[in-house]
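Structure of the sequence below:
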Amino acid sequence: MEFRFTPEQERFRQEVRQFCRENVDPDIRKRLESRHEEHDPTLYKKIAERGWIGMQWPVEYGGQGRSHVDMAIFYEEFGYARAPTGRYTGSVVFVGESIIAYGTPEQKAYFLPRIARGEITCCWGLTEPDAGSDAAALRTRAVDKGDYYEVTGQKIFTSGAHLADVGLFAVRTDPTRPKYHGISLLLIDMDSPGITLQPLITLGGWRVNVTILDHVRVPKN
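Numbers count the residues shown, from 1 in each chain. Take a look at the predicted model:
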């Protein structure tokens, strides 16, 4: 069995490495320290221009149809360059890949190209104060109101929520079912009335957030 990268993958590695040499300032993290976030909008835009945001997605959704091995190469080279990838990971890996796996055709067509173009960034809301990252213990409720869900609850350690346009939140839609069931994922506009963010600064100096959802209306369509 052959474990080496293909010539095409090696060429891609060199392309990403050269991009990092030209675009990732060695002092980039120092410039980001005052913002408490692993994100640089200028760099993010340049990544989008290369088509590397969601590169593994189908072309019709804004991707390049690349493999997840290419994604691993991208991450490895960006890691070597110590480039900030916080909003990339939140938007592409947590939210984008969830939409690829579970989203409706309409959600894929609407969200994925916008994420790929860098027009919107995303965050992932799972962890709760009394549940940690145990989804079975989450208490945030989404009540079916017909044309929309009404979401009430609290998340904690929500990375990048203060910079995100859209959040993917794990919520309990059926409290009568066993704790490992009755859980849904909702895409929520972070500018929705009823969402309040409270900053938390970690020991490492990074900002995460307490995300309070107070009767937030989430349209079904």
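
Walking through the chain, point out its helices one by one.
Under the criterion DSSP state H, helices of the chain are mapped to 7-23, 28-32, 41-49, 68-80, 86-88, 97-102, 105-116.

Mind putting those helices into a markdown table with mean neighbour count, mean pLDDT and distance to residue 123?
Placement of C-beta: from N, CA and C, glycine included. Below are the helices of the chain laid out as a markdown table (neighbours: other C-beta atoms under 10 Å; pLDDT from 0 to 100; distance: least, C-beta to C-beta, whole Å):
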| stretch | mean neighbour count | mean pLDDT | distance to residue 123 |
| --- | --- | --- | --- |
| helix 7-23 | 14 | 96 | 24 |
| helix 28-32 | 13 | 66 | 17 |
| helix 41-49 | 15 | 94 | 14 |
| helix 68-80 | 16 | 95 | 19 |
| helix 86-88 | 23 | 88 | 8 |
| helix 97-102 | 16 | 96 | 12 |
| helix 105-116 | 17 | 96 | 12 |
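
so which of those comes closest to residue 61?
Nearest of the helices of the chain to residue 61, taken as C-beta to C-beta: helix 105-116 at 3.9 Å.

which helices and strands does that closest one pack with?
Contact analysis of helix 105-116 by 3 or more C-beta pairs under 8 Å, 6 or more residues apart in numbering; DSSP states H and E lists helix 97-102 as its packing neighbours.

by contact count, what packs against the helix it packs on?
Secondary-structure packing of helix 97-102 (3+ C-beta pairs under 8 Å, 6+ apart): helix 105-116, strand 183-189.

If we use 6 Å, what do you get?
helix 105-116 (3 or more C-beta pairs under 6 Å, 6 or more residues apart in numbering; DSSP states H and E).

which residues does the residue nearest in space to the middle of the chain contact?
Nearest to the mean C-alpha position of the chain, counting by C-alpha atoms, centre = their mean, stands residue 90 at 2.1 Å. Applying C-beta atoms under 6 Å, 6 or more residues apart in numbering, we find residue 90 in contact with 122, 123, 124, 160.

Turn those into JSON lines, including pLDDT and distance to residue 104.
Below are the contacts of residue 90 laid out as JSON lines (pLDDT from 0 to 100; distance: C-beta to C-beta, whole Å):
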{"residue": "122", "pLDDT": "97", "distance to residue 104": "17"}
{"residue": "123", "pLDDT": "96", "distance to residue 104": "21"}
{"residue": "124", "pLDDT": "97", "distance to residue 104": "19"}
{"residue": "160", "pLDDT": "92", "distance to residue 104": "24"}
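
re earlier: residue 56: which of the helices of the chain is closest?
Residue 56 sits nearest to helix 68-80 of all these, at 5.2 Å, using C-beta to C-beta.

just the angle between the closest one and helix 41-49, please?
160 degrees (axes from the mean of the first three to the mean of the last three C-alpha atoms, to 10 degrees).
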